[in-house]
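In: Need the 3D shape of this:
(2 chains)
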Amino acid sequence: MTQYSATMPAPLDTAPEASLQSRLRRAERMNKLKYGALILPLAIFLMLTFVWPIAALLKRSVDNPEIITAFPQTSALLRGWNGQALPDDGVFAAFAGEMAQIKGTPVLAAAAKRLNMEVPGFRSLMMRTVRATPLEAGASAREVLIDADPRWGETATWQLLARNASPYTMRYLLASLDHKVNEQGKVVATSPEEAIFVDVLLRTFGMSFVVTVVCLLLGFPLAYFIATRPVKTANVLLMAVLLPFWTSILVRVAAWIVLLQSQGLVNQALMHLGITDHPLQLVFNSTGVYIAMVHILLPFMILPLYSVMKGISPVYMRAALSLGCPPFRSFWKIYFPQTLPGIGAGGLLVFILCMGYYITPSLLGSPNEQMASYFVAFYTNQTINWGMAAALSAILFVATLLLYAIYTRLVGSQNMAARAR
Amino acid sequence: MSDDQNKNHAEPHVTFRKVQKSYDGKNLIVKNLDLDIQRGEFLTLLGPSGSGKTTSLMMLAGFEIPTGGEIRLNNKIINQVPPHRRNIGMVFQNYALFPHMTVRENLRFPLTIRKLGATEMDRKVTKVLDMVQLDEFGDRYPQQLSGGQQQRVALARALVFDPELILMDEPLGALDKQLREHMQMEIKHIQQKLGLTVVFVTHDQSEALTMSDRIAIFNDGVIQQIGSSTAIYERPANPFVASFIGENNALSGLVETVAESTCRVRLDSGVYVHATLGDGVVQGARTIVSVRPESVQLNVQSLGCANRMGGYVKEITYLGDHLRVRVELAGRKEIMVKAPAAEHKHRFDTGDAIHVGVNPEHLLALAPTASA
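Out: This is a model prediction of the structure:
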């Protein structure tokens, strides 16, 4: 530092480089803290109202607390059992003891209900058995139980208990995919007359796909039309697109029922025009569901498409024309590929929203149009089977995540060039 | 004002005859445009924004349809030919390279449409990439290239299909100064090498002066003057051209007497000057005499000049190689003088009395209203 001339003020910074680094970090840390503090309320809110409930509900799809709560000791012993011959006397004794402890409590009822779900008749078995407890002093637990019900002398009965002796189960998730664990502990397909969920899931995906495609076919030309209008006209048209958003979804569905019913406006108009001589069945079947769903979800397709198209300069089309490419081919080769991110975003949005639709199909469709969310509601509200409700939700959730992963993969490779810089 | 020595006068490549364009049905953006473009010439359309230069270019490209008149290419009327059938290459302001295609795919695009064979296509693409020195960048996407490289690709794409002529719409506007000057030379060299007919639109006058064989100065939908760089700069046809191209001092006055090619003008300050006679200037009419700052001589250098005036130095700006001196003449008229720094540095100061002199050949008497 001696090379500075005497007239120069003494240099302020004589500390080594490390201190500069740490000072920089300190300065940035303050900033980070400040921004962190700003988003903290939102983060907490989201954790409490969004992340935590979803996680808790998803956990329900594998939760299996009933047996382990009612029979902690028996469960522990059964986990060490080989499952071949009948369990030894210790297990019988522990089971009888725990039976006596929970006699008459809701814990027993819950366990009985849970087991009855898998093997019908198990509830009465449990209730009959509990009456034989507590054991008299010196009595053999094995004899008393088998005496109360001979089924305690069968390995299958104990295997059922053993299968449910762990705090987690795949039962609900398997059931949502029409599979179950059989008595040998193997995963097998449910019998065809009981299998419904794969059909429901396929129907959910199928209907979502059709709605997405129809929305794309209707929305693409409109988005293009709006994107190529002058700003003033475009704003008015966008308002018209957004207008349905300001009406409650229930009102819109009810309006469709009024319009589409056999004496409704649409049918009367069709008959007046001589297109048909008898009212068409337009509602309470798949037609009604498709019409209403497309109507409700169309804006979700148009808006992302519009925003992407707005960013595509019209000069690309001119460039293609100047290079000798006819107008339609220019559109297809130059304009359309650039709208793919918008198609992807809009399609994904509509598809995902569609998969979760409940009110529209349940009001406008017949039982044949009910989608997965109907059964989620059914298990939540009617049978209070949280496990099944959570399992079906989990499968929809995973399907959504998969779709999103595929989407980012596709759009990612599309835009790779743009991001490579 | 013609310098078309080596051009084929028999048949212009492109002709505009009485071409008009209106967007709203009330105002004409282009008014009765007559213009001949010779084969192999580099013609620049220069003018302020809204002067009709870009509209004229777009009519030639086919993106705008003339409201009146006719445009001929190779003596065939092309008014109704859609742009994709005109075989005209175009370089756009922001290049308009297709972002979802690599450089090579961009270049191949016009050839695919013309259904060229694979080997022929590869040969042409490689050749044109080589010409713009981008051989190694064929597999990049446009976003991965710098502005200058994108510019070259745009040029290559306009050339690759051997078009009738090349149109350029302010192609260098987005580049920084150094790169722009470099590209100006490169475009000029390629144009000369291939003998291309180029119509170039710009509002940058130095660009126009550097590159053009001829410049057409647009204002108000009318060509004010068309000619070589030298003709435009040294013999502007009217006060608009004089002030639009380069720096210019304008003094108004009255034409007293007219000789063969000179005239005597009484300036509004009462001073008489001899000036070169411009088009449309008659005895007794108002005139604007115009002189370039670098043609005005100061002090000793002004001794031999036919027109000498006295004035005061108002301001001196030092610019390294030259000085810019603001001089107030009689009647509070100010003129700007550009003088070599080596000869005049420290010879005078702000507030000093000074002599200025201009030779008649540098003092141009022009008709005041802009008309063509």
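
In: separation between A:Gly97 and chain B?
Out: 73 Å (CB to the nearest CB, to the nearest Å). From N, CA and C alone the C-beta is placed, and that goes for glycine too.

In: typed the wrong thing, it's A:Tyr224
Out: 17 Å.

In: Do I have it right that that residue meets A:Lys310?
Out: No - using CB atoms under 8 Å, A:Tyr224 is not in contact with A:Lys310; the gap is 10.5 Å.

In: Tell me which of the two has more neighbours.
Out: More crowded of A:Tyr224 and A:Lys310, by other CB atoms under 10 Å in any protein chain shown: A:Tyr224, with 18 against 14.

In: Can you classify the more buried one as helix, strand or coil?
Out: helix (DSSP: H, G, I helix; E, B strand; the rest coil).

In: so who does it touch?
Out: Contact analysis of A:Tyr224 by CB atoms under 8 Å, 6 or more residues apart in numbering or on different chains lists A:305, A:309.

In: State the pLDDT value of it.
Out: Per-residue pLDDT puts A:Tyr224 at 95.

In: cool, B:Leu323 as well?
Out: Confidence score, pLDDT, at B:Leu323: 89.

In: Around chain A, pick out the residues from chain B.
Out: Near chain A, the residues belonging to chain B are B:61-63, B:82-90, B:92-94, B:96-100, B:102, B:109-110, B:113-114, B:140-144, B:157-158, B:161, B:167 when assessed by CB under 8 Å from any CB of the partner chain.

In: what about the residue most central in space within chain B, which SS state?
Out: What sits nearest the mean C-alpha location of chain B, by CA atoms, centre = their mean, is B:Ala208, with 3.6 Å. Here B:Ala208 is recorded as helix under three-state DSSP.

In: contacting residues for it?
Out: Counted by CB under 8 Å, 6+ apart, B:Ala208 has contacts B:44, B:46, B:200, B:202, B:215, B:229.

In: Distance check, it against A:Pro337.
Out: 37 Å (CB to CB, to the nearest Å).

In: thinking again about what came up before, out of the contacts of B:Ala208, which comes closest to A:Ala390?
Out: Closest to A:Ala390 out of the contacts of B:Ala208 is B:Thr202 (67.9 Å), distances taken as CB to CB.

In: Where does pLDDT dip in the stretch 251-372 of chain B?
Out: B:369-372 (pLDDT under 70).

In: ok, now with 80
Out: Applying pLDDT under 80 to the stretch 251-372 of chain B flags residues B:330-332, B:344-346, B:369-372.

In: residue in it nearest to chain A?
Out: Per CB to the nearest CB, B:Tyr318 is where the stretch 251-372 of chain B lies closest to chain A, at 28.9 Å.

In: Would you agree that residue is in contact with B:Ala341?
Out: Yes - contact criterion CB under 8 Å: B:Tyr318 and B:Ala341 qualify, at 6.8 Å.

In: where along chain B do the helices fall?
Out: B:53-61, B:103-113, B:118-131, B:147-159, B:177-194, B:205-211, B:229-234, B:239-244, B:341-344 (DSSP state H).

In: Distance check, B:Ala156 against chain A.
Out: Applying CB to the nearest CB, the value for B:Ala156 to chain A is 12 Å.
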